[in-house]
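In: Got a predicted structure here, sequence first:
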Amino acid sequence: MPIKRSIALAVLASALVTSGPLLATTSTADVSAQVIAKVTTPLLNQLPIFNPAPMLAQSAVPTQIVAPAAQSNAPASETADADDNSADGDQTLDLRKTLIDLAMQLRNSRYVRGGHDPSTGFDCSGFVRYVFAHAIGLELPTNSASQFNAGHMVNRSDMKPGDLVFFRTAGGKHGKGRISHVGIYLSEGRFIHSPRRGETVRVDSLEEAYWAKRFAGAKRPEAMAQIDSTTNNG
């Protein structure tokens, strides 16, 4: 009897030893799976690749943009032309605004003969050249007379912000001398320029007696004239 009992206990112990790791492994795997599921599910939901619905919603074209085009009765070619003209017009406005913004930032820079940089100062043509070069990347001739010859003539009633205004301030009386001064037109008869020694970049009016007598006309630089021509001709 004691021998049989010992054998039975040995068999039972062997079974427990054999099955123990299997039970432990299964239990550990189950627990690990549950933990991974609880941890990774929220993280995966936060990644766009696993949660595409928000991305699809964001990539949809707003109906308020496509609706007018869909409802338009105009041929597709006419619609495209209108869009191109609008883009050209916006480009011209952006160029002029950029020019004026930079010019106005340079107010109070001192006049220096031959100056062409805000760190040293400007003369009239140096000021204009600096603004055009740094605002829109357009290189103008080096002095007011050559700038006058390089542009397209603009009627006074058709002047736009960014056009150049020229004056005859030397070599004659009552505005009959040579072109010797230039500024940038703003609006409503105002222009910004670097006047003379002892003064700084400022805004003046074409209606002031001194400038009115010496006004020689307005010119539009070639590049801007081409943009305007493209816009107006469609």
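Out: Right, received. Where do you want to start? Not measured: the values here are computed from a predicted model.
In: Could you use CA atoms for every contact and neighbour count after this?
Out: Noted.
In: for the chain, what spans make up the helices?
Out: Counting by DSSP state H, the segments of the chain that form helices are 2-46, 53-59, 63-71, 76-105, 124-136, 144-150, 209-214, 222-233.
In: would you put the C-alpha positions of the fifth one in PDB?
Out: What follows is helix 124-136, C-alpha atoms only, in PDB (Å, rounded to 0.1, in the frame of the first residue of the first chain):
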ATOM      1  CA  CYS A 124      16.700 109.500 -55.800                       C
ATOM      2  CA  SER A 125      17.600 106.900 -58.400                       C
ATOM      3  CA  GLY A 126      19.400 104.700 -55.900                       C
ATOM      4  CA  PHE A 127      16.200 104.700 -53.800                       C
ATOM      5  CA  VAL A 128      14.000 103.600 -56.700                       C
ATOM      6  CA  ARG A 129      16.500 101.000 -57.900                       C
ATOM      7  CA  TYR A 130      16.800  99.500 -54.400                       C
ATOM      8  CA  VAL A 131      13.000  99.200 -54.000                       C
ATOM      9  CA  PHE A 132      12.400  97.500 -57.300                       C
ATOM     10  CA  ALA A 133      15.400  95.200 -56.900                       C
ATOM     11  CA  HIS A 134      14.500  94.000 -53.400                       C
ATOM     12  CA  ALA A 135      10.700  94.100 -53.600                       C
ATOM     13  CA  ILE A 136      10.200  92.300 -57.000                       C
END
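In: tell me what that helix is packed against?
Out: Packing partners of helix 124-136 (3 or more C-alpha pairs under 8 Å, 6 or more residues apart in numbering; DSSP states H and E): helix 76-105, strand 116-117, strand 181-187, strand 190-193.
In: Go again with 7 Å.
Out: helix 76-105, strand 116-117, strand 181-187 (3 or more C-alpha pairs under 7 Å, 6 or more residues apart in numbering; DSSP states H and E).
In: Could you chop this protein up by domain?
Out: 2-59, 76-233 (automatic domain parsing).
In: Least reliable of the ones you listed by average pLDDT, please.
Out: Note on these: domain 2-59 shows the lowest mean pLDDT, a mean of 43.
In: Pretty sure residue 177 sits against residue 168.
Out: Yes. If you go by C-alpha atoms under 7 Å, residue 177 and residue 168 touch, sitting 5.2 Å apart.
In: These two: who's more crowded?
Out: residue 168 (23 against 15; other C-alpha atoms under 10 Å).
In: who are the neighbours in contact with that one?
Out: Going by C-alpha atoms under 7 Å, 6 or more residues apart in numbering, residue 168 touches 175-181, 214-216.
In: And it, its phi and psi?
Out: Main-chain torsions, residue 168, degrees, to the nearest 10: phi -100, psi 100.
In: and the residue nearest to it when sequence neighbours are not counted, how far is that from residue 99?
Out: The spatially closest residue to residue 168, leaving aside those adjacent along the chain, is residue 179, at 4.5 Å (C-alpha to C-alpha, 6 or more residues apart in numbering). Noted for residue 179: a distance of 23 Å to residue 99, by C-alpha to C-alpha, to the nearest Å.
In: try residue 93
Out: 10 Å.
In: Compare these two (neighbour count), which wins?
Out: residue 99 (23 against 15).
In: show me what contacts the nearest residue to the more buried one once chain neighbours are set aside?
Out: Distances taken as C-alpha to C-alpha, 6+ apart place residue 135 nearest to residue 99, at 5.5 Å, with adjacent residues excluded. Taking C-alpha under 7 Å, 6+ apart, we find residue 135 in contact with 98-99, 102.
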